[in-house]
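# how does the following fold in three dimensions:
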Amino acid sequence: MKKFFDEYHNIINDSIDTGVTLNLLNVLEQIFLIDSEILKEPTLQDGHSRYSNLKQIIKEQKNNLTIQSNTLPEQDHIQTNLFKICCAILNLKPGQRGMPYIDDNLLAQYLDQIVVNEPYQTDENLLAQVSVIKNLINRKSFSLTDK
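Now for the predicted structure:
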């Protein structure tokens, strides 16, 4: 847990130090939750090409939420929520201090949009996953239950 916490905050701090705007897709790539290899294309070149097209679609659909920018107002709640969601994806338990829990039914509605147990990722499912993550982190700060 500590190692992931440090890795995550190093990504945020590097963005602050360099003045480079950090978007959702950048963070997911830097913590290795998304890359061209999840698409399982016959060749690496096909995978990279398909992945590049998907990244462009994500940007066009406004799913590439800003996580950290030196020119925008504080993004603390988005950064905190993203950390919690990433911990849940990685099956880590983050320390959560006094935030109200997100309603289990609401969380289930979000998660029902994602197809699981597929041998490979379809474009639609990958886009749905990014959209669900974006919608979850773009809420007021919350805590997650252990469910």
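# for Asn91, give me phi and psi.
phi 60, psi 40 (degrees, to the nearest 10).
# got a pLDDT number for it?
In this model, Asn91 is scored at 80, pLDDT.
# from here on, call the first residue 8.
All set: I'll call the first residue 8, so the last point we hit is now Asn98.
# got a list of what it touches?
Listed by C-beta atoms under 8 Å, 6 or more residues apart in numbering, the contact set of Asn98 is empty. For every residue, glycine as well, the C-beta is placed using N, CA and C.
# again with the one 3 residues further on
The contact partners of Pro101, by C-beta under 8 Å, 6+ apart, come to 8, 12, 90-91, 94.
# ok, and the closest non-adjacent residue to Pro107?
Excluding its sequence neighbours, the residue lying closest to Pro107 (C-beta to C-beta, 6 or more residues apart in numbering) is Phe149, at 6.1 Å.
# quick check: that neighbour touching Ile109?
Yes: here Phe149 lies in contact with Ile109, judged by C-beta atoms under 8 Å, at a distance of 4.2 Å.
# do you have the strands of the protein handy? List them.
For the chain, the strands defined by DSSP state E occupy 29-30, 73-75.
# done for today, thanks.
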